[in-house]
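S.K.: The following block contains a protein sequence and its predicted model.
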Amino acid sequence: AQSVTQPDIHITVSEGASLELRCNYSYGATPYLFWYVQSPGQGLQLLLKYFSGDTLVQGIKGFEAEFKRSQSSFNLRKPSVHWSDAAEYFCAVGAGGNTPLVFGKGTRLSVIA
Amino acid sequence: GAVVSQHPSWVICKSGTSVKIECRSLDFQATTMFWYRQFPKQSLMLMATSNEGSKATYEQGVEKDKFLINHASLTLSTLTVTSAHPEDSSFYICSARYRGNEQFFGPGTRLTVL
């Protein structure tokens, strides 16, 4: 069965500092991997996705993620965090087609001045 | 493109009443939609998979007689919470499958049962 682990429940970073959010997945085949961001009371916005090809994927808002098959990881990074990045971040894995996504428990990002 | 809407965005109802939530794919056809539930400060949990023209597939532990799902057209799926109780208060989010491997999410519906 698919599963996603986001080890960090809450992370606080200073504005302008770099960010890395961790995501590990468990899946038998090549997974489809996603990062979503959710602001309080809002729906999910897709930041980026990995299906195949280049293992370093670029997303919106200056985010990137790297797929590392050997480590079963898909960590999200941003070189310089802005206060508006404060939100909940979810990593998700899917098998494609008519299968639903499986989400991690999320990492709450706080940004301090 | 690939916009999913939900209506209403927020609903308050009395215990024992039924509430219908709509999920629409605005600019594409979706043969499959998914319904998730999210409790405060928690992740999304899949409730059911909604397939156009057929019965929904419910996840283990989800009462199909309580959470009625209808996917009558390629752009609309509805979730009806029947005889709602305070413990059904939650954030309900739908998603629609788009171009095979992507899912786009609606903005969510916050249900509060008094």
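M.R.: Yep, it's here. Numbering: from 1, shown residues only, chains lettered A, B, ... in the order given.
S.K.: which parts of chain B sit against chain A?
M.R.: Proximity of chain B to chain A, by Cβ under 8 Å from any Cβ of the partner chain, involves residues B:6, B:31-32, B:34, B:41-44, B:46, B:49, B:51, B:91, B:93, B:95, B:97, B:100-108, B:110. Backbone N, C-alpha and C define where each C-beta goes, glycine included.
S.K.: quick one: low-confidence parts of chain B?
M.R.: Within chain B, the segments meeting pLDDT under 70 span B:1, B:100.
S.K.: sec struct for the residue positioned nearest the centre of it, please.
M.R.: Nearest residue to the geometric centre of chain B (Cα atoms, centre = their mean): B:Trp35, 3.9 Å. What DSSP: H, G, I helix; E, B strand; the rest coil gives for B:Trp35 is strand.
S.K.: Give me the neighbour count for the closest residue in space to it that isn't next to it in sequence.
M.R.: In space, not counting the residues next to it along the chain, B:Trp35 is nearest to B:Met47; the distance is 4.6 Å by Cβ to Cβ, 6 or more residues apart in numbering or on different chains. By other Cβ atoms under 10 Å in any protein chain shown, 25 other residues sit near B:Met47.
S.K.: so where does B:Met47 fall, helix or strand?
M.R.: Here B:Met47 is covered by strand B:44-51, with elements defined by DSSP states H and E.
S.K.: Now stretch B:102-114: buried residues?
M.R.: Buried residues in stretch B:102-114, counted by 16 or more other Cβ atoms under 10 Å in any protein chain shown: B:Glu102, B:Gln103, B:Phe104, B:Phe105, B:Gly106, B:Pro107, B:Gly108, B:Thr109, B:Leu111, B:Val113.
S.K.: Kindly state the beta-bridge partners for the third one.
M.R.: Same thing as B:Phe104. Beta-bridge pairing for B:Phe104 (DSSP bridges): B:Ala96.
S.K.: Let me see the contact set for it.
M.R.: Going by Cβ atoms under 8 Å, 6 or more residues apart in numbering or on different chains, B:Phe104 touches A:Leu46, B:Ala2, B:Val3, B:Val4, B:Ser25, B:Ser95, B:Ala96, B:Tyr98.
S.K.: The residue nearest the centre of chain A and A:Glu66: what is the separation?
M.R.: Closest residue to the average C-alpha location of chain A: A:Trp35 at 3.5 Å, with Cα atoms, centre = their mean. Going from A:Trp35 to A:Glu66 by Cβ to Cβ, to the nearest Å gives 11 Å.
S.K.: Common neighbours of these two, please.
M.R.: A:Phe74.
S.K.: residues touching the residue nearest to the centre of chain A, list them.
M.R.: A:21, A:23, A:46-49, A:59, A:63, A:65, A:74, A:76, A:89-92.
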